[in-house]
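*Asks:* the following comprises the amino acid sequence and a computationally predicted model.
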Amino acid sequence: MGYVDVAGVAHTLADGRVLFADVSFRVGDGAKIALVGPNGTGKTTLLRMVAGDLPVKTGVIARSGGLGVMRQFIGMIDDDRTLNDLALSLAAPRVRAAGERLAEAERAVQAAAANEKAQLRYADALAGWGEAGGYDAEVLFDTAAVAALGLPWDAVRDRRVGTCSGGQQKRFALELLLRGGDEVLLLDEPDNFLDVPAKRWLESRLAESGKSVLYVSHDRELLARTADRVVAVEGGSAWVHPGGFASWHEARSDRHERLERDRRRWDEEREKLRAQMLMYKQKASYNSDMASRYQSAQTKLRKFEEAGPPPLPPREQDIRMRLSGGRTGRRAVICEELELDGLTYPFNLEVWYGDRVAVLGGNGTGKSHFLRLLAAGGTDPDASALSVVEPVAASGTARLGARVVPGHFSQTHDRPDLVNRTLVDILWRGSERRAGMDRHAAMKVLGRYELAGQGDQLFGTLSGGQQARFLVLLLECDGATLLLLDEPTDNLDLASAEALEEGLRGYEGTVVAVTHDRWFTRSFDRFLLFQGDGEVVETPEPTWDVG
């Protein structure tokens, strides 16, 4: 039996701002509870507090049962960890410790100076691995590897995490956690990077699992299919909707109306008490018999105000993305017999100025590689190429048209050049593509993206959704005429995703986007399908169920 109890929890940021306060809810045995809310309101922070990663200084969090945790970002393109490292990080503490000791002993044995002492240490670590349940864990690792990667554990255990697609990383981690022995799971954006068949698999597994699950997601279909209750983190606190996600929007609207009504009544009562106090004050000035009533009215008003007003409804987000673009040659992208090494067969493609091309297909089929190749200027890069993307091995031809300036949005937000810099500093210094701007101008543009409050915050400390919004802002400032978007809506809340779609509608340029977002895909007019067999074809409608 596993459960989580959160009672009166608050969290204060390093700069003294209260992120949220008085958060209380329960994840009962076998319940599936969704955390929703705008980006940056503290959903991930709350998960980290439940996981024990952050101290709980105000309130109490109680847990029962083994705890499995999946972070928002499992790995990055430059992640040098192996899949074995990843599997151990998600294992029970005892197995993890034994596995780390075994890995260290194996490295010592393999060293050139291995001696009898190292051999004995390895034998001891091997025995400890068995006693900790390591062999049972290896069976689980193998099952997860076959399900996520199609290969046995022995064939992939030493594979670098960064060589797997984001979807493969997520599927592998989810297979381990959902099949493992932990009774309680904390999942931060578990559907991110998953293709549509994998999302449907996750929906089914969550629905049938007996585990207690607390998870963050912005995928409305997954929420509607899996959430027993919804905990909304907004306005500096949280509230619980006892129904599922299908009725949450209506419940939220009713709650906001009730809060506004209660606040109006409080204001009216306060004004009534104040008027009464002023009346007795005036009378007491010429009639001493009124002094006691004046004091009583003062006390009543003071106690009423000290109790404080009821909360106002959270302010609705107002995000305005002004992606401008610019005119280019008629042909924005030309691919001739292009073959991504080990991923696709040769294919041809022409993308015309103004096209909106959705790149679809399963994880690991080469979609993100294709976008990175174009971001780097194609197979024959020129001065317009981006230097922040990892090179892609390919043959054939991929080139950009006249005046095409690519702007790349990375699925994993892997921008080491930004991690330790504040948003204002990034905008102030500018880049080779964009002019710098003073603090006033920077705060103004950040305000349009609901990021003014994070202006002096390091990019690496932002929530996933805030990072996503800022990366779109940089695309706006860079003057890109070809937007290459790799899962741009994965970490965006509903308001941000709608703002992005609105910004793309007014964008004067070409958009090529990898996406598994079924709602977002409807705004595109061309669909390029990367099939599991290596073929790349264009389809008249979105196609999801492809091997």
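*Replies:* Here it is on my side, so go on.
*Asks:* Tyr215 pairs with what?
*Replies:* Ala34, Leu187 (DSSP bridges).
*Asks:* contacting residues around it?
*Replies:* Applying C-beta atoms under 8 Å, 6 or more residues apart in numbering to Tyr215 gives the contacts 32-35, 185-188, 190, 206. Every C-beta, even on glycine, is put in place using the N, C-alpha and C of the backbone.
*Asks:* so how do I select the buried members of the residues you listed in ChimeraX?
*Replies:* Paste this into ChimeraX to select the buried members of those, with burial taken from 16 or more other C-beta atoms under 10 Å:
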select :32,33,34,35,185,186,187,188,190,206
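*Asks:* now the contacts of Tyr215 in TSV, with pLDDT and distance to Val424?
*Replies:* Below are those laid out as TSV (pLDDT from 0 to 100; distance: C-beta to C-beta, whole Å):
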residue	pLDDT	distance to Val424
Lys32	96	40
Ile33	96	37
Ala34	95	34
Leu35	94	29
Leu185	95	38
Leu186	96	33
Leu187	95	33
Asp188	91	27
Pro190	91	33
Leu206	94	40
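*Asks:* okay, now the unreliable bits of the stretch 51-200 of the chain?
*Replies:* 73, 75-79, 112-114 (pLDDT under 70).
*Asks:* show me where it has helices.
*Replies:* Assigned by DSSP state H, counting those that start in this stretch, the helices in the stretch 51-200 of the chain fall at 83-89, 93-110, 116-131, 134-149, 153-156, 166-179, 196-208.
*Asks:* could you do the stretch 301-450 of the chain as well?
*Replies:* Counting by DSSP H, counting those that start in this stretch, the helices of the stretch 301-450 of the chain are 367-375, 423-429, 439-448.
*Asks:* other residues contacting the last one?
*Replies:* This points to helix 439-448. Contacts of helix 439-448 (C-beta under 8 Å, 6+ apart): 319-322, 423-424, 427-428, 437, 452, 454-455, 473, 477.
*Asks:* which of those residues are buried, as a PyMOL select command?
*Replies:* To isolate the buried members of the contacts of helix 439-448 in PyMOL, using 16+ other C-beta under 10 Å:
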select buried, resi 319+321+423+424+427+437+454+455+473+477
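*Asks:* Gln72 touches Asp490, doesn't it?
*Replies:* No. With contact defined as C-beta atoms under 8 Å, Gln72 and Asp490 do not form a contacting pair (9.6 Å).
*Asks:* out of these two, which sits in the more crowded spot?
*Replies:* The residue with more neighbours, out of Gln72 and Asp490, is Asp490; 26 against 19, by other C-beta atoms under 10 Å.
*Asks:* phi, psi of that one?
*Replies:* Main-chain dihedrals, Asp490, degrees, to the nearest 10: phi -50, psi -40.
*Asks:* pull out the buried residues from the top helix by length along the chain.
*Replies:* Ranked by residue count under DSSP state H, the longest helix found in the chain is helix 248-284. Going by neighbour count (16+ other C-beta under 10 Å), the buried part of helix 248-284 is 248, 251-252, 259, 266, 273, 276-277, 280-281, 284.
*Asks:* name the helices or strands packed onto that helix?
*Replies:* Helices and strands touching helix 248-284, by 3 or more C-beta pairs under 8 Å, 6 or more residues apart in numbering; DSSP states H and E, are strand 229-234, strand 237-241, helix 291-307.
*Asks:* roughly how far out does the first one sit from the chain middle?
*Replies:* Just to be clear, that refers to strand 229-234. 16 Å (C-alpha atoms, centre = their mean, to the nearest Å).
*Asks:* got the angle for it vs helix 248-284?
*Replies:* Here strand 229-234 points in a direction 50 degrees away from that of helix 248-284 (axes from the mean of the first three to the mean of the last three C-alpha atoms, to 10 degrees).
*Asks:* export strand 229-234 as CSV, just CAs?
*Replies:* Output in CSV follows, covering the C-alpha atoms of strand 229-234 (Å, rounded to 0.1, in the frame of the first residue of the first chain):
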residue,chain,number,x,y,z
ARG,A,229,-8.5,13.8,-9.5
VAL,A,230,-6.8,17.1,-10.5
VAL,A,231,-4.7,19.2,-8.2
ALA,A,232,-4.4,22.7,-9.7
VAL,A,233,-1.3,24.7,-8.7
GLU,A,234,-2.1,28.3,-9.5
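*Asks:* tell me which strands that strand pairs with, and in which orientation.
*Replies:* strand 32-36 (parallel), strand 237-241 (antiparallel).
*Asks:* pull up the distance across stretch 308-315, start to finish.
*Replies:* 19 Å (C-alpha to C-alpha, to the nearest Å).
*Asks:* quick one on the thing from earlier: and the contacts of helix 439-448 as TSV, adding distance to Gly150?
*Replies:* Formatted as TSV, those follow (distance: C-beta to C-beta, whole Å):
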residue	distance to Gly150
Ile319	40
Arg320	44
Met321	39
Arg322	44
Leu423	41
Val424	46
Leu427	44
Trp428	48
Met437	48
Ala452	46
Gln454	41
Gly455	45
Leu473	39
Cys477	41
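*Asks:* save the contacts of helix 439-448 as CSV, and put in distance to Pro242 and pLDDT too.
*Replies:* Formatted as CSV, the contacts of helix 439-448 follow (distance: C-beta to C-beta, whole Å; pLDDT from 0 to 100):
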residue, distance to Pro242, pLDDT
Ile319, 30, 79
Arg320, 35, 82
Met321, 35, 83
Arg322, 40, 83
Leu423, 38, 94
Val424, 42, 93
Leu427, 43, 92
Trp428, 47, 91
Met437, 47, 90
Ala452, 35, 89
Gln454, 33, 90
Gly455, 38, 92
Leu473, 38, 90
Cys477, 44, 88
